[in-house]
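Student: the following comprises the amino acid sequence and a computationally predicted model.
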Amino acid sequence: MKETQTPILSIENLTIRFGGLVAVNDVSFDILPSELFGLIGPNGAGKTTCFNMITGVYRPTAGEIRFQGSSIIGLRPSLIAARGIARTFQNIRLFGALSVLENVIVGGFLRRKTTLFESMTLLPSAIKETSQFASAAMALLEMFDLADLADTRSADLPYGKQRRLEIARAMATSPRLLLLDEPAAGMNPQESEELMRDIKRLRDEFGQTILLIEHDMKVVMGVCEKIVVLDYGAEIAQGPPEKIRNDPKVIEAYLGEPV
Ligand SMILES: Nc1ncnc2c1ncn2[C@@H]1O[C@H](COP(=O)(O)OP(=O)(O)OP(=O)(O)O)[C@@H](O)[C@H]1O
Ligand SMILES: [Mg+2]
């Protein structure tokens, strides 16, 4: 029964101020394991700022963030990543000069047992681990239809494929929670269809929990089971897509007309 499940992420009265601006104001929501959860709202509503607080980039002014039952406020971003939260960025951040495969292998290094120094040596344990990362990375590239491009410089990929690669790299850290910040931005309709398919597959095949920020309402309404809507930092609605798309406050603040 979903109702009785313990949330994987619990946001309680989350607030952050930048000088006089309250960018996120008393926001609360819970994400259950394996849930596809949407975070939407107009430009400047505070969505990316929520990601920055969840990943430890910003420290909230007030409120609580619990991940798998314990508070993660005050933890460094690297520690939060090691606990199992991975993200992609609104502005793509790949290692442009590295190949597609190398970008995903770097993602997996968060989980390495040998040290970086050992991984540069020819110690058998290090060689074994590096080749394990390479085969895990290739499996991810297969899943994201990027295997044929494994040796391509990532900066040379078309935009839509760069976005997919960023998701593959985030998945290489074996996250328990994946945060996607506008993954469909700049994608053509076919690419965003493929993205929807990938997001659903991640959940259906791996039970992946995903928190999705997105302006493309076809994607949001097509994949999310629950949605929270922010406007000027405050929560104006929360619920399943059918409720959100017909909510007069959401239509007025964001959608313009029912979608
Ligand atoms: N480091 C910061 N210092 C000051 N103001 C900030 C900072 N980060 C974000 N803001 C402000 O907080 C508000 C929320 O920004 P945020 O980037 O979270 O919006 P968003 O919902 O992600 O919008 P978009 O859909 O355009 O990406 C904006 O007014 C922004 O200018
Ligand atoms: Mg944003």
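Tutor: Happy to help now that I have it. Ligands and ions are numbered 1, 2, ... in the order given.

Student: what about the protein, any weak spots by pLDDT?
Tutor: Scanning the chain for pLDDT under 70 picks out the ranges 1-3, 110-122, 126-127, 129.

Student: now do the strands in it.
Tutor: Using DSSP state E, the strands of the chain run over 9-18, 21-31, 36-40, 62-67, 70-71, 85-87, 177-181, 209-213, 226-231, 234-239.

Student: can you list the domains in the chain?
Tutor: 1-84+175-259, 94-173 (automatic domain parsing).

Student: what's the neighbour count on residue 150?
Tutor: Using other C-beta atoms under 10 Å, residue 150 is surrounded by 16 other residues. C-beta coordinates here come from the backbone N, C-alpha and C atoms, glycine included.

Student: ok, now which ones touch it?
Tutor: Applying C-beta atoms under 8 Å, 6 or more residues apart in numbering to residue 150 gives the contacts 99, 100, 101, 138, 141.

Student: show me what contacts whatever residue of the stretch 1-150 of the chain ends up closest to ligand 2?
Tutor: Per C-beta to the ion, residue 48 is where the stretch 1-150 of the chain lies closest to ligand 2, at 3.1 Å. Applying C-beta under 8 Å, 6+ apart to residue 48 gives the contacts 90, 181, 213.

Student: change it to 6 Å
Tutor: By C-beta atoms under 6 Å, 6 or more residues apart in numbering, the contact set of residue 48 is 90, 181.

Student: pull the contacting residues for residue 164.
Tutor: residue 144.

Student: distance-wise, check it relative to ligand 1.
Tutor: Computed as C-beta to the nearest ligand atom, to the nearest Å, the residue 164 to ligand 1 distance reads 20 Å.

Student: who's in contact with stretch 225-233?
Tutor: 22-25, 29, 35-41, 45-46, 235-238, 240, 244, 250, 253.

Student: now do the residue lying closest to residue 57 once chain neighbours are set aside against residue 152, distance only.
Tutor: Nearest residue to residue 57, sequence neighbours excluded (C-beta to C-beta, 6 or more residues apart in numbering): residue 77, at 5.9 Å. Residue 77 sits 29 Å away from residue 152, going by C-beta to C-beta, to the nearest Å.

Student: for residue 65, same thing?
Tutor: Look at residue 65 and residue 152: by C-beta to C-beta, they are 37 Å apart.

Student: of the two, who's got more company?
Tutor: A count of neighbours by other C-beta under 10 Å puts residue 65 above the other of residue 65 and residue 152, at 23 against 15.

Student: pull up the residues of this protein that are close to ligand 2.
Tutor: Residues of the chain lying near ligand 2 by C-beta under 5 Å from the ion: 47, 48, 90.

Student: burial measure for the first one, as a count.
Tutor: As a burial measure, the neighbour count of residue 47 was computed by other C-beta under 10 Å and equals 26.

Student: I'd say it and residue 39 touch.
Tutor: Yes: contact criterion C-beta atoms under 6 Å: residue 47 and residue 39 qualify, at 5.2 Å.

Student: so what secondary structure elements neighbour the longest helix seen in the chain?
Tutor: When the chain is parsed with DSSP state H, its longest helix is helix 124-143. Contacts defined by 3 or more C-beta pairs under 6 Å, 6 or more residues apart in numbering; DSSP states H and E place helix 124-143 against helix 100-108, helix 116-119.
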